[in-house]
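A.B. asks: Below are the sequence and a predicted model; questions follow.
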Amino acid sequence: MDKESKVSDTKHAESSFNSVRSLGILKFFSLVLRRFSQDNCVLHATTLSFTFLLSFIPFLVVSIAILASFQVFDNLIVQAQDYFFQHFAPKTSSIQDIQTYITGFTSKAKQLTATGIGFLVITALLMMQSIDKALNAVWHVRIRRKTVVSFLVYWAVLTIGPMLLGISVAISSYIISLQFVSQVVESTGMQQTLLSLAPFFATAFAFTLMYLIVPNRPVLFRHALIGGLFAAILFELAKRVFAIYITSFSTYQYIYGALSTIPIFMIWVYMSWLIVLFGAEVSRCLALVQSGDIVDRGQRIELVDLLEIIGVLNNARESGKKIKNRTLLKKMPGLSDDHLIEYLDSLKLGNVIERTENGEWILIRDLEAFTAKDLYAVYPSILPHVNFDMTQVPPKYQEFIAHIQNNVMNSMELKLKDLYN
């Protein structure tokens, strides 16, 4: 069984690259840019930047307060801050000023009262909620996690995250300090290479984890990884370009003077969120291309799709089975993953189907009492249009849809003149 799953994963990985290759790199990135615009990523980046500016200091203070509660991390807090600004921000004097201010703020973390920490925790949680909303918008997720589940996830990130960071820094420092390791690194001349590549891989890992965990829908690891690597590359390039621009063109210093640090930091934060969301779109578009989700919606008949989904789930219920997304896609060739999720979300919100803890779908409505009117209430855009081509409809649905169409057309035999008498 393990062997089969490995073979399946390999085939799917090859399928991802083959799908992009068959579409073409230029067309793929054209799709990414189009979705980047359609999903309002620029607006989301603006919102995230504003939220980040309000929440970053509280988030950092709470994280450091958690680390400071463990004596073993006392010496690592300053190292972690220095490492972050040295490798994850542009090397400019303005950013260095920001580092000085933030270090001053966070050094007072131990002096905070319980009430003060409480307010900072709320602000930090709001920042994570904004990130959650933005990434779920990229994946077109309509059904959000329950409030309790979301809170537990955010709280885990806020509490366990700093400890994991501290532990990783401690382990890294210990390994590097070992005489054998340090001798090997120095003798091979790998020290500079490792130091320069470490931030890139740390950034790629963070982005991959974000794309994998935050969306409230399954994301394949390889898609999240490719998106994370692409975002990390853009992030490294942006750091260098931004540093060159700020040092070469001192416009902001001339205009804002001593306050130039603020707009420069705001611009960098905004650029960073644009990169995060662009990487998310790359990850999402890989899934769309592989599943054929770039097909025009007009080529499909939504009413037929919904009837097919309900039919598959009804057959599964009668045989005592539950259905996964992958099974539905196999039974409905040409249906895209995005459209399927939209249909399933609508049916779930209409209390027609339910999702199990294992991510499988079951039909919960009695079809004896479920009418076309009920389906219309769940998904209003299913009504067939005037020039509806019945030859595109499977024979088993033709009489049903023709009946709906005739009734709709007959009910619209109203004279507009009556409105103006």
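C.D. replies: Perfect, I can see it now.
A.B. asks: What residues sit buried inside stretch 25-44?
C.D. replies: In terms of neighbour count (16 or more other C-beta atoms under 10 Å), stretch 25-44 has its buried residues at 28, 31-32, 35-36, 39, 41, 44. For glycine as for every other residue, the C-beta is placed from the backbone atoms N, C-alpha and C.
A.B. asks: what's the answer for stretch 220-233, then?
C.D. replies: 220, 222-232.
A.B. asks: out of those, who's nearest V352?
C.D. replies: Lowest distance from V352 to these (C-beta to C-beta) belongs to L220, with 27.3 Å.
A.B. asks: what's the burial count for the nearest residue to that closest one once chain neighbours are set aside?
C.D. replies: Of all residues not flanking L220 in the chain, A287 sits nearest, at 6.6 Å (C-beta to C-beta, 6 or more residues apart in numbering). Neighbours of A287 under the rule other C-beta atoms under 10 Å: 23.
A.B. asks: In terms of helices and strands, where is A287?
C.D. replies: helix 261-290 (DSSP states H and E).
A.B. asks: Which SSE is immediately downstream of that helix?
C.D. replies: Taking DSSP H and E, what comes next after helix 261-290 is helix 302-318.
A.B. asks: residues making contact with the next helix or strand after that next one?
C.D. replies: Of the helices and strands lying after helix 302-318 in sequence (DSSP H and E), the nearest is helix 325-331. For helix 325-331, the external contacting residues (C-beta atoms under 8 Å, 6 or more residues apart in numbering) are 218, 291, 308-309, 312, 335, 337, 340-341, 344, 359, 361.
A.B. asks: hmm, try it at 6 Å
C.D. replies: The contact list for helix 325-331 (C-beta atoms under 6 Å, 6 or more residues apart in numbering) reads V312.
A.B. asks: ditto for stretch 42-54
C.D. replies: Contacts of stretch 42-54 (C-beta under 6 Å, 6+ apart): 127, 130, 134, 269-270, 273-274, 277.
A.B. asks: Equivalent analysis for stretch 356-365, please.
C.D. replies: 313-314, 317, 322-324, 352-355.
A.B. asks: how long is that stretch from one end to the other?
C.D. replies: Start and end residues of stretch 356-365 are separated by 15 Å (C-alpha to C-alpha, to the nearest Å).
A.B. asks: Buried residues of that stretch, list them for me.
C.D. replies: Neighbour-count burial for stretch 356-365 [16+ other C-beta under 10 Å]: 361, 363, 365.
A.B. asks: per-residue confidence averaged over it?
C.D. replies: Mean per-residue pLDDT for stretch 356-365: 88.
A.B. asks: Next: stretch 390-401.
C.D. replies: On average, stretch 390-401 scores 79.
A.B. asks: Same check on stretch 234-250?
C.D. replies: 79.
A.B. asks: Then stretch 130-139?
C.D. replies: 86.
A.B. asks: Alpha carbons of that stretch, as CSV, please.
C.D. replies: Output of stretch 130-139 as CSV, limited to C-alpha atoms (Å, rounded to 0.1, in the frame of the first residue of the first chain):
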residue,chain,number,x,y,z
SER,A,130,-6.2,38.9,8.5
ILE,A,131,-3.6,36.5,7.1
ASP,A,132,-6.1,33.6,7.3
LYS,A,133,-8.8,35.6,5.4
ALA,A,134,-6.4,36.8,2.7
LEU,A,135,-5.0,33.3,1.9
ASN,A,136,-8.5,31.7,2.1
ALA,A,137,-9.6,34.3,-0.5
VAL,A,138,-6.9,33.2,-2.8
TRP,A,139,-8.1,29.6,-2.5
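A.B. asks: if we can go back for a sec, so which of the buried residues of stretch 356-365 comes closest to T261?
C.D. replies: Nearest to T261 among those, with distances taken as C-beta to C-beta, is W361, at 52.1 Å.
A.B. asks: how close does P263 sit to L234?
C.D. replies: 22 Å (C-beta to C-beta, to the nearest Å).
A.B. asks: Between the two, which is the more surrounded one?
C.D. replies: L234 (20 against 13).
A.B. asks: Please look at that one and I275 and confirm they touch.
C.D. replies: Yes. Taking C-beta atoms under 6 Å as the definition, L234 is a contact partner of I275 at 4.7 Å.
A.B. asks: if we can go back for a sec, for the buried residues of stretch 356-365, please prepare a markdown table with the additional fields secondary structure.
C.D. replies: As requested, the buried residues of stretch 356-365 are arranged in a markdown table below (DSSP: H, G, I helix; E, B strand; the rest coil):
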| residue | secondary structure |
| --- | --- |
| W361 | strand |
| L363 | strand |
| R365 | coil |
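A.B. asks: Next, format the residues you listed as JSON lines and append distance to L329.
C.D. replies: Converted to JSON lines, the buried residues of stretch 356-365 look like this (distance: C-beta to C-beta, whole Å):
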{"residue": "W361", "distance to L329": "12"}
{"residue": "L363", "distance to L329": "18"}
{"residue": "R365", "distance to L329": "22"}
